[in-house]
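Participant: sequence-free structure coming up:
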């Protein structure tokens with residue numbers, strides 16, 4: 001399959017929740033990389049009802065750079081809702097999303113851009129995951145369960161380092177509000193026939209803030225969403241991935 005060439009106009013989406021220790025560095029790094037790699041860019045920070053100074057710090061950055069936008073949820077709605085809000089709010093031709101916890105080297109966006117001319121999605125996978133043993137165990141179990149239930153077009157379903165052609169979101173409706181969101185997006189895009197390329201990326205240890213991906217509440221919500229969405233995702237016939 002041949003895809004039309006696409007400009008390097010990139011929306012960078014950063015979902016954040018209580019990341020006051022990371023958010024300034026995350027936005028500044030994203031800005032530096034985007035200025036080097038992109039023809040045009042915007043940075044969309046979705047603050048999911050943080051109780052700390054995350055939103056205040058982003059507003060200060062917005063005052064100095066009109067390319068930075070803040071979308072603020074009045075309350076904590078969940079990681080999936082923050083990702084969905086950011087993806088839907090993106091204005092440019094390409095949409096890149098990563099978390100605001102600085103656990104990825106955003107310079108490696110260049111690796112993803114190298115492949116976007118031949119795929120609808122370029123998905124990173126963590127070469128050496130730098131998380132606690134409990135988080136890695138939970139993630140491994142989740143991946144095995146998801147693969148047992150669905151056709152999954154990537155090896156690291158929850159890796160928050162992905163680049164999309166924005167128009168792929170015209171073909172799918174994102175419903176998840178929790179940690180299920182990555183699974184839902186990739187499963188639905190796989191069934192829509194989207195072409196996917198995978199690229200190994202560096203994963204870094206968290207140096208500030210607190211990880212919440214394996215808390216009982218987050219896991220319970222993900223399991224609930226998985227059960228609720230199983231029938232509709234299962235019944236969608238897989239399409240060949242280019």
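Facilitator: Sure, I can see it. On a predicted model such as this, the values are computed, not experimentally measured, just so you know.

Participant: Tell me the helices and strands packed up against the longest helix seen in the chain.
Facilitator: Longest helix in the chain by number of residues, with DSSP state H as the criterion: helix 216-234. Packed against helix 216-234 by the contact rule (3 or more Cβ pairs under 8 Å, 6 or more residues apart in numbering; DSSP states H and E) you find helix 133-149, helix 181-192. Heads up, the C-betas are built off the backbone N, CA and C, glycines and all.

Participant: Buried deepest among those, which one?
Facilitator: Neighbour counts (mean count of other Cβ atoms under 10 Å) averaged over each of the helices and strands packed on helix 216-234 peak at helix 181-192, with a mean of 23.

Participant: C-terminal to that one, what's the next element?
Facilitator: As assigned by DSSP states H and E, the chain's next helix or strand after helix 181-192 is strand 196-201.

Participant: Quickly run through the sheet partners of that next one, with directions.
Facilitator: With DSSP bridges as the test, strand 196-201 is paired with strand 121-126 (parallel).

Participant: and the partner strand, how far out from the chain's middle?
Facilitator: 10 Å (Cα atoms, centre = their mean, to the nearest Å).

Participant: Show residues contacting it.
Facilitator: When contacts are defined by Cβ atoms under 8 Å, 6 or more residues apart in numbering, strand 121-126 is touched by residues 104, 108, 111-113, 115-116, 154-156, 159, 161-165, 168, 186, 189, 194-201, 203.

Participant: ranges for the helices of this structure?
Facilitator: According to DSSP H, the helices that the chain contains are 23-37, 54-64, 79-89, 109-113, 133-149, 181-192, 216-234.

Participant: residues in contact with the longest helix of the chain?
Facilitator: With contacts defined as Cβ under 8 Å, 6+ apart, helix 216-234 is touched by 78-80, 138, 142, 145-146, 149-150, 175-180, 183-184, 187-188, 191, 212.

Participant: change it to 10 Å
Facilitator: 78-80, 138, 141-142, 145-146, 149-151, 158, 175-181, 183-184, 187-188, 191, 211-213, 215 (Cβ atoms under 10 Å, 6 or more residues apart in numbering).

Participant: cool, and stretch 49-59?
Facilitator: 14, 16-24, 26-27, 43, 45-48, 60, 68-78, 81-82, 100, 209.

Participant: Buried ones in it, by neighbour count?
Facilitator: Using 16 or more other Cβ atoms under 10 Å as the test for burial, stretch 49-59 gives 49, 50, 53, 54, 55, 57, 58.

Participant: Redo the helices of the chain as TSV? Include mean pLDDT and distance to residue 121.
Facilitator: Shown next, in TSV, are the helices of the chain (pLDDT from 0 to 100; distance: least, Cβ to Cβ, whole Å):
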stretch	mean pLDDT	distance to residue 121
helix 23-37	98	18
helix 54-64	97	27
helix 79-89	94	12
helix 109-113	97	9
helix 133-149	79	17
helix 181-192	88	6
helix 216-234	71	17
